Each structure stands twice: as C-alpha cells, then as structure tokens.
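S.K.: A predicted structure for the sequence below; I have some questions about it.
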Amino acid sequence: DAGVIQSPRHEVTEMGQEVTLRCKPISGHNSLFWYRQTMMRGLELLIYFNNNVPIDDSGMPEDRFSAKMPNASFSTLKIQPSEPRDSAVYFCASRQRESSEQYFGPGTRLTVT
Amino acid sequence: EDQVTQSPEALRLQEGESSSLNCSYTVSGLRGLFWYRQDPGKGPEFLFTLYSAGEEKEKERLKATLTKKESFLHITAPKPEDSATYLCAVRSYGGSQGNLIFGKGTKLSVKP
C-alpha cells in the first residue's frame, strides 16, 4: 500500500489567499484525521471523519478553516482567507477501525507570508 | 482535562549508551497509549500501542512499558539511526471517540 498521500508537500502563499490541502487515506480505512503541528503547540487534532462524516471539529481554529470528505478516498482542508499564523505543517492520518492505530501522511508544510 | 507530558525535551546519547524516555499522562480513563517516531520532514510513524498497566512491547532496540501514570520508552544500545523525535499520545474514555492527545515529544540524538 502507498500509505496516506498528501498534496502538495509544500505550499507558500500570501496572506488572504485561499489554500486547499488534499489527502488520500489508506484504502479500507474508515476514519480520517487532520492535524496541525507547530513548535509551540505540538501536534493538534483539527477535525476527524468516520465513514466520511465529520465527528469532531472542535479543534478547527475558526470559521476560516473548513474540511470535507466527499468519499472514502479523498478529503480536503481549506483555509480561506489564510493568515501568517496559519503557517505550520498539516498532517492527515487514517485509521482502519476504532481500536487501531493511526497512520500519518508525509504532511504539507504551509507558509503564509 | 487530559494531558500528556514528555521528558526530557531533548536527549543526547553516545552510540551504545542505553536510556529511557518518559511520558506522564493524566486522563479520565485510558483507552490506549501510543508511541510514534518522527523523522525530520516526515509524518509520525507508529511504533507501539499499550492498553493496560504492566503491559510491555518490544521492537528491535526499543521497549515500551506502561504504569497507571506513565509510560517509558527504553532504548537499549542505541545507534545513530535511532535519532528522531519520539512522540507519546493517549486516547481516553473521556475524550471524543477518535481523539489522540499528543505530548510535545523527546528529540533523541545518538552520536557515533
């Protein structure tokens, strides 16, 4: 299996622009997670989906952030408008079932200038 | 509130010098404790899951142990390729169904 796939790997954008991050989970996994990692705050859960349905979005910082999972093999995390404080590494992870571990993608490094 | 604290923040070892990393946790009922390894520029890589006090798991030079308040990741005779950041995470019965609470990690450097 190719593992969790994320794109792009790096994104540099200007403040105010829309940013869309993409994720393809491992085939057969029914849960998908979006995390953000910074030096100050470490790894934080933003939102997670179970069977394509958002279950917990309490970690989404504000309304500028939105996430969708239109089918079992694709998810997006959108930031509109982006701000410099959104600069971080964003990870997507997937899990086969509730009792199992999460597998992480390689991450997208976002820089907002 | 569920919390995870890892210590030390950074650890430098000579090749072959065994040591331990600590993960202290406070949760409202532990559903699982997870150890991950993260290399620079990469996503966390799963190592172990522990579910109950007294449980131990091993993989090559790594051994993870669990008590009711903390977990240790023991590294025996480390090699330079063991250099990475090691993350600890917990899932609790009090948290949302899938949520993992991560510690800030311990950055391990092993010098030849």
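M.R.: That came through fine. For clarity, every value in this text was computed on a predicted model and none was experimentally measured. Residues are numbered from 1 along each chain as shown, chains lettered A, B, ... in the order given.
S.K.: rest of the way, CA atoms for contacts and neighbours
M.R.: OK.
S.K.: surely residue A:107 meets residue B:42?
M.R.: Yes - using Cα atoms under 8 Å, residue A:107 is in contact with residue B:42, at 6.8 Å.
S.K.: in terms of neighbours, single out the busier of these two.
M.R.: Using other Cα atoms under 10 Å in any protein chain shown as the criterion, residue A:107 and residue B:42 rank with residue A:107 on top: 30 against 15.
S.K.: so what's the more buried one up against?
M.R.: Applying Cα atoms under 8 Å, 6 or more residues apart in numbering or on different chains, we find residue A:107 in contact with A:6-7, A:9, A:89-92, B:42-43.
S.K.: now rank those by neighbours and give me the top one.
M.R.: Neighbour-wise, the contacts of residue A:107 (other Cα under 10 Å) top out at residue A:92, 32 neighbours.
S.K.: now do the contacts for that one.
M.R.: A:4, A:6, A:23, A:25, A:32-35, A:104-105, A:107.
S.K.: any idea of the pLDDT on it?
M.R.: Note for residue A:92: predicted pLDDT of 98.
S.K.: what does the one 10 residues further on give?
M.R.: What the model reports as pLDDT for residue A:102 is 93.
S.K.: over to residue B:98?
M.R.: 62.
S.K.: just list whatever residues bridge to residue A:47.
M.R.: Per DSSP bridges, the residues bridged to residue A:47 are residue A:34.
S.K.: gap between the lowest-mean-pLDDT helix or strand in chain B and the chain center?
M.R.: When the helices and strands of chain B are compared on mean pLDDT, DSSP states H and E, strand B:101-102 comes out lowest with a mean of 92. Strand B:101-102 has its C-alpha centroid displaced from the chain centroid by 11 Å (Cα atoms, centre = their mean, to the nearest Å).
S.K.: tell me what residue B:35 is bridged to.
M.R.: residue B:48, residue B:88.
S.K.: right, and it touches residue B:51 too?
M.R.: No - in this structure, residue B:35 is not within contact of residue B:51 by Cα under 8 Å, at 11.8 Å.
S.K.: still on that earlier bit, just checking: what are the partner strands of the least confident helix or strand of chain B?
M.R.: Partners of strand B:101-102, by DSSP bridges, with direction: strand B:84-92 (antiparallel).
S.K.: need the contact partners of the strand it pairs with.
M.R.: In contact with strand B:84-92 (Cα under 8 Å, 6+ apart) are residues B:2, B:4, B:6, B:23, B:25, B:27-40, B:44, B:98-109.
S.K.: show me which residues of chain B sit near chain A.
M.R.: For chain B, the residues found near chain A under the criterion Cα under 8 Å from any Cα of the partner chain are B:34, B:41-46, B:49, B:96-104.
S.K.: from the contacts of residue A:107, pick the one nearest residue B:58.
M.R.: residue B:43 (21.6 Å; Cα to Cα).
S.K.: name the nearest residue to that closest one, ignoring sequence neighbours.
M.R.: residue A:106 (4.6 Å; Cα to Cα, 6 or more residues apart in numbering or on different chains).
S.K.: try residue A:22
M.R.: Nearest to residue A:22 is residue A:76, by Cα to Cα, 6+ apart, at 4.6 Å.
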